[in-house]
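J.: Provided below are the primary sequence and the corresponding predicted coordinates.
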Amino acid sequence: MLPLVALTSVAQEPVFRADSGPPSVSPPDSGRFRFTPLLAPAYNPEMQFLVAGGALMSWKTGLNPFRVQRSTLSSTISYSTTGAINLSVSLSSFWLEDKLRINAALSYKDMPDNYWGVGFDAGLQPWSGDASTKYHRQWFKFAPTVVWGVAKHFLIGGAVEWNHTIATEVNPTMAADPAYMAHGPNNRNDGIGGVLQYDSRDVAANAWTGVYAALTAMSFGGFMGGDNVYQTYLLDYRQYLTLGRGGRTLAWQVKSRIAAHDVPWTELSLVGTGYDLRGYVEGRFRDRSTLIALAEYRQMFMRSNGKLSRHGFVAWVGGGALGADLQNLHGIIPNGGVGYRFELQPRSNVRVDVGFGRNSSGVYFNFTEAF
């Protein structure tokens, strides 16, 4: 197991547990600001061996901290043996006693990458890091979302997104690929859309009970300088069931992303990321439409005094398929794995996952659960 080093933590206090936890757990979280930096080695198929550093900040808004979830801001930066740089920042915030939610994701990558082409059969082609798939990618994405509670568990709002990909050092095989030739090496896209959510989870960052269902529809065009006109639709269903006691959870997810019209090769739907089918090179399997299903068992250990430990594990199994549309999905992309969990802050875990796929594997270090 990879070593995790927590450098320091502000405002040490008892760990918060949901009402579904055992009766002897620690008292409720008072909502004080917390800051925890981390440093850890990792490995994943696309970046290989890397050192990742990051920080998790969390706080509660409002005058009554017991009426709102913790807001979190996590950030990671990594450097790998391939010379890859990866920066990720994620905000999940709750305001006005959870009537208003503001979320955002910022990502930047400057790294050697691989491109197999479009479709299931393209992704099955052998890979050994050779010149038939290699290129260099610079990628930026910023995607904020704002939703407002309109009824119990129901939220509605809007989203915007900016992304930009620059491909260099393109190999001859990729240069002759029809999808690449249609849009070229430089693609800037901007979009605006709507969000509809149902969310009954007890804690969004690490749910033990509840349901999350969301539809996000985005329209990309040239109204803010974008190069391509296309639409994306993301359907995401998750459910969480407590098994016997708090900290022992069965979670499952069904997710589909559909991209329509003049979609550049850079923004096709992917199967196999650090947040779904962990263990594949990200981007190996891409097409207009994807469908993914996962089931994950999560357990935090119990101490001898009956209180929950800050250590735990997960195990998951899943699979995916992709195609030009949902009526023409091809292939089965299998996946499974195990992971270690350490609760850094109230109901916010750092995760180390070891995922296995079809002739592929990877180790992932990140904050919060995959879903």
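T.: On my side now, so go ahead.
J.: Can you show me the helices along the protein?
T.: 120-123, 172-175, 178-183 (DSSP state H).
J.: What's the local residue count around the closest residue to Trp139 other than its chain neighbours?
T.: Nearest residue to Trp139 in three dimensions, chain neighbours excluded: Lys109, at 4.6 Å (C-beta to C-beta, 6 or more residues apart in numbering). Every residue, glycine included, has its C-beta placed from N, CA and C. When neighbours are defined as other C-beta atoms under 10 Å, Lys109 has 20 of them.
J.: Residue numbering should commence at 634 henceforth.
T.: With the count now opening at 634, the last piece we talked about shows up as Lys742.
J.: quick one: contacts for Lys742?
T.: Applying C-beta atoms under 8 Å, 6 or more residues apart in numbering to Lys742 gives the contacts Ala717, Ile718, Asn719, Leu720, Arg770, Gln771, Trp772.
J.: now it, which residues is it bridged with?
T.: Asn719, Trp772 (DSSP bridges).
J.: per-residue confidence for it?
T.: On pLDDT, Lys742 comes in at 96.
J.: And Gly824, by the same measure?
T.: Value for Gly824, per-residue pLDDT: 97.
J.: separation between it and Val896?
T.: Separation of Gly824 from Val896 (C-beta to C-beta, to the nearest Å): 12 Å.
J.: any common contacting residues for the two?
T.: Counting by C-beta under 8 Å, 6+ apart, the contacts common to Gly824 and Val896 are Thr865.
J.: tally of neighbours for the nearest residue to Leu720 once chain neighbours are set aside?
T.: Distance criterion C-beta to C-beta, 6+ apart; nearest residue to Leu720, sequence neighbours excluded, is Tyr741 at 4.4 Å. Counted with other C-beta under 10 Å, residues neighbouring Tyr741 total 16.
J.: distance of Ile965 from Val780?
T.: 34 Å.
J.: between those two, which one's more packed in?
T.: Val780 (22 against 10).
J.: Please name the residues that touch the closest residue to that one other than its chain neighbours.
T.: Using C-beta to C-beta, 6+ apart and skipping the chain neighbours, the partner closest in space to Val780 is Gly790 (3.3 Å). Contact partners of Gly790, counting by C-beta under 8 Å, 6+ apart, are Arg734, Thr778, Val779, Val780, Trp781, Gly827, Val828.
J.: Gly790 pairs with what?
T.: Under the criterion used (DSSP bridges), Gly790 bridges to Val780, Val828.
J.: Sketch out the low-pLDDT regions of the chain for me.
T.: For the chain, applying pLDDT under 70 flags the ranges 634-663, 761-763.
J.: same thing but 80
T.: Applying pLDDT under 80 to the chain picks out residues 634-664, 675-680, 696-700, 759-764, 856-857.
J.: which phi and psi does the residue of it most remote from its centre have?
T.: Centroid-distance maximum for the chain: Asn938 at 34.6 Å, with C-alpha atoms, centre = their mean. Torsion angles at Asn938 (phi, psi; degrees, to the nearest 10) stand at phi -90, psi 10.
J.: and the gap between it and Gly827?
T.: 49 Å.
J.: same thing with Val862?
T.: For Val862, the distance to Gly827 equals 18 Å [C-beta to C-beta].
J.: State whether Asn820 and Glu900 are indeed in contact, as I suppose.
T.: Yes. Proximity of Asn820 to Glu900 meets the contact threshold set by C-beta atoms under 8 Å, at 7.5 Å.
J.: Identify the contacts common to these two.
T.: What both Asn820 and Glu900 touch, as defined by C-beta under 8 Å, 6+ apart, is the set Asn861.
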